[in-house]
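Visitor: Coordinates only, no sequence provided:
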């Protein structure tokens, strides 16, 4: 076995190992991506008092009032606003 064939063999082993690691990471990504997308974020109110509205507009119906330090959970977030529980 020449040195060149040995180097080629080592590169092949290394590449196959990298491919297997890549496939494993891809599978884990597909398994855990949905759970990350539905993760809910908990926040604290940082103003003296405020109103939560049914829609992200000042015209939206007031559904709750919150005060400083109250904990709220973001249930859904879009480009134009967040939905709290």
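Guide: That came through fine. Only a predicted model underlies this, so the values are computations on that prediction, with no experimental measurement involved.
Visitor: Tell me how this protein divides into domains.
Guide: Here the domain parsing of the chain from automatic domain parsing is 1-39, 40-85.
Visitor: Confidence-wise, which of those domains is weakest overall?
Guide: When these are ranked by mean pLDDT, domain 1-39 comes last with a mean of 70.
Visitor: burial of the closest residue to residue 60 other than its chain neighbours, as a residue count?
Guide: Distances taken as Cβ to Cβ, 6 or more residues apart in numbering put residue 53 closest to residue 60, at 3.5 Å, once the chain neighbours are dropped. For glycine as for every other residue, the C-beta is placed from the backbone atoms N, C-alpha and C. Look at residue 53: counted by other Cβ atoms under 10 Å, it has 16 neighbours.
Visitor: Next up, the contacts around residue 53.
Guide: If you count contacts by Cβ atoms under 8 Å, 6 or more residues apart in numbering, residue 53 has them with 60, 61, 62, 63.
Visitor: In strands, which of those appear?
Guide: 62, 63 (DSSP state E).
Visitor: which one of the contacts of residue 53 sits closest to residue 32?
Guide: residue 63 (32.9 Å; Cβ to Cβ).
Visitor: Now that that closest one has come up, it's in contact with residue 52, right?
Guide: Yes - taking contacts as Cβ atoms under 8 Å, residue 63 lies within contact range of residue 52: 5.4 Å.
Visitor: For these two, work out which one has more neighbours and name it.
Guide: Neighbour count, other Cβ under 10 Å: between residue 63 and residue 52, residue 52 has more, with 17 against 11.
Visitor: which residue sits closest to that one, ignoring its sequence neighbours?
Guide: The shortest distance from residue 52 to any non-neighbouring residue, by Cβ to Cβ, 6+ apart, is to residue 64 (4.4 Å).
Visitor: Against residue 51, how distant is the one you found?
Guide: Applying Cβ to Cβ, to the nearest Å, the value for residue 64 to residue 51 is 7 Å.
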